[in-house]
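Visitor: Starting from these lines, generate the structure:
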Amino acid sequence: MNKKISFFVLSTTGSPTKQLTISKGTLRAIGLLLSLVLLALGYSVYDYYSLKKKMPSTLLLRGTINRQTDEIASQRQQIQEFAQKINTLKAKLVDLNRFEKKIRIIANIEKASGQDGLFGVGGSIPDDLNPQIEIENSHNRLIRDMHEQIEQLSVAAVNQQSGFESLFNYLEDQRDILASTPAINPIEEGWITSRFGYRTSPFTGKREFHKGLDIAARKKSPIVAPADGVVAFIGLKGMLGKVIVLDHGHGVTTQYGHIDKALKKMGEKITRGQEIALVGNSGRTTGSHLHYEVLLNGLPVNPEKYIID
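Guide: As a prediction, this is how the structure comes out:
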């Protein structure tokens with residue numbers, strides 16, 4: 001038989017006003033429910049305090065995540081900017097290569113057969129990188145393409161340097177040749193009295209080959225070097241009397257006969273326009289003048305073909 005428990009609610013006078021009867025089973029159920037409620041409340045309080053303790057570390061972790069997210073975004077932006085710089089550098093290398101080709105065409109300079117193209121033998125210009133690519137989805141592909149193009153640009157830079165070096169060396173040689181070419185008149189105030197070629201000798205009356213130019217000028221007029229060179233000889237040479245010889249390199253020498261006095265010493269370096277001697281009438285001569293010769297690999301050539309002023 002199910003026992004019951006009665007509860008009496010008393011008034012302020014002590015007399016029972018209400019009676020509540022509950023079975024023991026119901027009472028146990030209510031007690032169990034209250035226990036569960038208290039247990040749940042206790043767990044909630046415990047969980048709250050646990051979360052409260054973890055809150056600082058959670059906030060710190062969240063801050064770290066936010067910073068790392070910002071860093072990743074910044075790094076992705078830097079990667080995109082670097083990709084754009086690679087495109088710009090490649091464009092500049094291509095422009096330099098076009099400029100080199102233009103100079104070679106203007107100067108009629110052939111490229112050496114052993115020199116490769118800008119991006120190697122048969123290498124074509126790589127396509128531009130796309131800095132606006134969705135880097136979240138194509139990060140690895142963009143990085144791989146950047147590495148490949150950096151290697152290609154390294155090859156292109158070496159080849160371009162080689163091209164410019166060969167061009168520079170050629171132009172340097174040409175400049176040296178031009179500087180060594182006897183291109184100006186050795187006497188500023190004088191006039192040609194006898195030209196290069198066959199003539200009648202003023203001494204024998206016979207036909208002879210005249211190896212240079214005879215330039216009449218006042219005695220002790222300055223003689224200037226028509227090109228850069230080195231003094232190779234100073235002394236007497238038969239009928240030419242006192243002579244000074246300049247070696248201009250590249251097989252070119254110039255000889256000045258009948259001089260009065262040399263103004264330079266043996267082995268001294270000379271630049272175009274420097275005074276090297278004074279006009280005289282030493283040797284066999286009919287008057288004060290300069291006998292001027294240009295020799296190419298030891299053979300006399302017409303000096304007038306070199307004078308451009």
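Visitor: how far away is the nearest residue to G283 once chain neighbours are set aside from Q84?
Guide: Counting by Cβ to Cβ, 6 or more residues apart in numbering, G283 lies nearest to G241, which is 2.3 Å off, once chain neighbours are set aside. From N, CA and C alone the C-beta is placed, and that goes for glycine too. Here the criterion is Cβ to Cβ, to the nearest Å. By it, G241 lies 74 Å from Q84.
Visitor: Then Q75?
Guide: For Q75, the distance to Q84 under the criterion Cβ to Cβ works out to 15 Å.
Visitor: out of the two, which sits in the busier spot?
Guide: Comparing Q75 with Q84 by neighbour count (other Cβ atoms under 10 Å), the higher total belongs to Q84, at 15 against 12.
Visitor: helix, strand or coil for that one?
Guide: The three-state assignment at Q84 reads helix, by DSSP: H, G, I helix; E, B strand; the rest coil.
Visitor: which secondary structure element contains the residue lying closest to F164 once chain neighbours are set aside?
Guide: Excluding the flanking residues, the one nearest F164 by Cβ to Cβ, 6+ apart is E100, at 6.3 Å. Assigned by DSSP states H and E, E100 falls within helix 24-107.
Visitor: now for that helix, which elements pack on it?
Guide: For helix 24-107, the helices and strands in contact under the criterion 3 or more Cβ pairs under 8 Å, 6 or more residues apart in numbering; DSSP states H and E are strand 4-10, helix 135-179.
Visitor: got a markdown table for these, with distance to H258 and mean pLDDT too?
Guide: As requested, the helices and strands packed on helix 24-107 are arranged in a markdown table below (distance: least, Cβ to Cβ, whole Å; pLDDT from 0 to 100):
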| stretch | distance to H258 | mean pLDDT |
| --- | --- | --- |
| strand 4-10 | 155 | 65 |
| helix 135-179 | 27 | 77 |
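Visitor: what's the closest of these to L299?
Guide: helix 135-179 (17.6 Å; Cβ to Cβ).
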